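S.K.: here is a sequence with its predicted model. Questions after.
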Amino acid sequence: MEFRQAINAAKNQFELVVQTIATYDTSLEKSIQIHPDCKKLLKLEGVGPINAVNLYISLGCAELGTFDKGKNASACIGLTPIQHSTGGKVKLGTIGKKCKNSMLRSQLISGAMSVVRQVVKREAKTKKEMWLKALAERRGNKCAAVALANKTVRTSFAMLTQGTEYKAELLAA
């Protein structure tokens, strides 16, 4: 009898979690529909609804005055090498993992990693995929994912500041 009650309580808790996630997904979709810039960001490789909304928020939303260049936005998220420069000598270190927005960094790299895994398995269809496949062969999948996440942030910044759409360049047939 006690075991049945425990299983029933676990089932009720599971149903509540599923319902909460469905509510969250619905509100996320509504926020994407309200902001057309978020819809534009969904066209980028490795960017889903959560990344689109977070990029839109992180890159300044309406004011867009937070960053003056995409490189600075990417550095703030933690997708560029750390500089150890002194006396006119520029020394670049590793990609910094300690950053202001580590959750967005992690989500972008996860999205990019899923793209890298798919691109490595098949023939490249776009110039970006060709670049990504070559980079993954040279440096490895994780390095390629971080580079793609960096490129995604820079492209997002350009799209939001210039009001442009993303269109991947297809390879010549």
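M.R.: In hand now; what should we look at?
S.K.: what helix or strand is the residue nearest the centre of the chain on?
M.R.: In the chain, the residue lying closest to the centroid (CA atoms, centre = their mean) is residue 108, at 2.6 Å. Using DSSP states H and E, residue 108 falls within helix 102-121.
S.K.: now find how far off-centre that helix is within its chain.
M.R.: 7 Å (CA atoms, centre = their mean, to the nearest Å).
S.K.: report the buried residues of the next helix or strand after that helix.
M.R.: Next along the chain after helix 102-121, taking DSSP H and E as the criterion, comes helix 127-139. By 16 or more other CB atoms under 10 Å, the buried positions in helix 127-139 come out as 128, 129, 131, 132, 133, 135, 136. C-betas here are computed from N, CA, C, even on glycine.
S.K.: again, but for stretch 44-64
M.R.: 44, 45, 46, 47, 51, 52, 53, 54, 55, 56, 58, 59.
S.K.: give me the contact list for that stretch.
M.R.: The contact list for stretch 44-64 (CB atoms under 8 Å, 6 or more residues apart in numbering) reads 25, 28-29, 31-32, 35, 37-39, 41-42, 66-67, 73, 76-77, 101, 103-104, 107-108, 111-115, 128, 148-149, 152-153, 155-157, 160-161, 166, 168.
S.K.: repeat for stretch 12-31
M.R.: Residues contacting stretch 12-31 (CB under 8 Å, 6+ apart): 38, 49, 50, 53.
S.K.: wait, which of the buried residues of helix 127-139 is closest to residue 1?
M.R.: Nearest to residue 1 out of those is residue 136 (CB to CB; 56.4 Å).
S.K.: sorry, back to before: now do the helix holding residue 108 against helix 127-139, angle only.
M.R.: 90 degrees (axes from the mean of the first three to the mean of the last three CA atoms, to 10 degrees).
S.K.: in helix 102-121, what counts as buried?
M.R.: Along helix 102-121, these residues count as buried under the neighbour rule (16+ other CB under 10 Å): 104, 105, 107, 108, 109, 111, 112, 113, 115, 116, 119.
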